[in-house]
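In: fold the stuff below for me.
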Amino acid sequence: MEELSELLAIATAGIEPGFFRLTIHGGAAVYRERVYCYELYHQMRRRWPEECAFTLNGEVDKIAHPTLSQLGAAGYKPDLLVHQPGHMGHANHAVIEVKSVLGAYRGVKKDLTTLALFRRNVGYARAIYLIYGEEADDELAERVAIGVTKYAPDVPIELWFHTAALEPARHVRTLHPTVADERSARMIGRRRR
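Out: The predicted structure follows:
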């Protein structure tokens, strides 16, 4: 599905401020991953190509799936799947995990483990890690790159940032573990000087 990158950019540009940050009575607006994710799903479904061979599903519970149990993927619930339900092999296009920038700073282990598992064991062609929030920056990208070396050392993961409501998310870079190792080593070397 070649148009997924463009579709993701257009859909994220449709996310309004109230879904990007949820207004709280008596307090400042906050990031709420489920609110953002549901709106992202809605925006993507509105634009989904009619003739597309793939289906977009949100949080598919894989706990009872017999094949995925054998592959070690039972119990994992990716935020979004682009696939052909009921089929395996080349019918799996993309697994997407979404995290707010604050959640990503707290830890990425679960998300990166899920992405790696579905890319490696289940055969998804793409693994996308979408982080949303104004604070997404190069430092966060480096932290995620280091996480890839720990939790997804054998698969490429696309890192996307969505930094403002009503603007498109952008592909920051694809994290390849060997590239992440080299960048992390340079970053650590700069800090020691």
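In: low-confidence ranges in this structure?
Out: Within the chain, the ranges that satisfy pLDDT under 70 run 62, 74, 89, 178-193.
In: what are the boundaries of the strands in it?
Out: With strands called from DSSP state E, the chain shows them at 55-58, 80-83, 92-100, 126-132, 157-162, 170-175.
In: for those, which one ends up most surrounded?
Out: Among the strands of the chain, strand 126-132 has the highest mean neighbour count (mean count of other CB atoms under 10 Å), at a mean of 25. Heads up, the C-betas are built off the backbone N, CA and C, glycines and all.
In: returning to that earlier point: the strands of the chain: which one's closest to T23?
Out: Closest to T23 of these is strand 92-100 (CB to CB; 15.3 Å).
In: the closest one: partners in the sheet, and parallel or antiparallel?
Out: strand 80-83 (antiparallel), strand 126-132 (parallel) (DSSP bridges).
In: what sits up against the last one?
Out: For strand 126-132, contacts defined as CB atoms under 8 Å, 6 or more residues apart in numbering pick out 4, 8, 12, 20, 31, 36, 40, 82, 93-101, 104, 108, 111-112, 115-116, 118-119, 140, 144, 152, 155-163, 169.
In: please redo it, this time with the cut-off set to 7 Å
Out: Residues from elsewhere that reach strand 126-132 (CB atoms under 7 Å, 6 or more residues apart in numbering): 20, 36, 93-101, 104, 111, 115, 118-119, 140, 144, 155, 157-162, 169.
In: same thing with stretch 71-86?
Out: 1, 4, 37, 41, 53-63, 65, 68, 91-98, 114, 117-118, 121-122.
In: repeat that for 8 Å
Out: Residues contacting stretch 71-86 (CB under 8 Å, 6+ apart): 1, 4, 37, 40-41, 44, 53-65, 68, 91-98, 114-115, 117-118, 121-122, 124, 126.
In: give the buried residues for that stretch.
Out: L71, A73, Y76, P78, D79, L80, L81, V82, H83 (16 or more other CB atoms under 10 Å).
In: just to revisit the earlier point, W48: which of the strands of the chain is closest?
Out: The minimum distance between W48 and the strands of the chain falls on strand 55-58, with 6.0 Å, by CB to CB.
In: how far off centre is stretch 83-101?
Out: Remark: stretch 83-101 is offset 10 Å from the chain centroid, using CA atoms, centre = their mean, to the nearest Å.
In: pull the CA atoms of it into CSV?
Out: Presented in CSV, the C-alpha positions along stretch 83-101 are these (Å, rounded to 0.1, in the frame of the first residue of the first chain):
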residue,chain,number,x,y,z
HIS,A,83,-3.8,-5.8,7.1
GLN,A,84,-6.2,-8.3,5.5
PRO,A,85,-8.1,-9.8,8.5
GLY,A,86,-8.1,-13.6,8.4
HIS,A,87,-5.0,-13.9,6.3
MET,A,88,-1.3,-14.1,7.2
GLY,A,89,1.9,-13.8,5.2
HIS,A,90,2.0,-11.0,2.7
ALA,A,91,-1.5,-9.8,3.8
ASN,A,92,0.1,-7.8,6.7
HIS,A,93,1.2,-4.3,5.6
ALA,A,94,1.8,-2.1,8.6
VAL,A,95,1.7,-2.2,12.4
ILE,A,96,1.4,1.2,14.0
GLU,A,97,2.1,2.2,17.6
VAL,A,98,1.1,5.7,18.8
LYS,A,99,2.5,7.5,21.9
SER,A,100,2.3,11.0,23.3
VAL,A,101,5.6,12.8,23.6
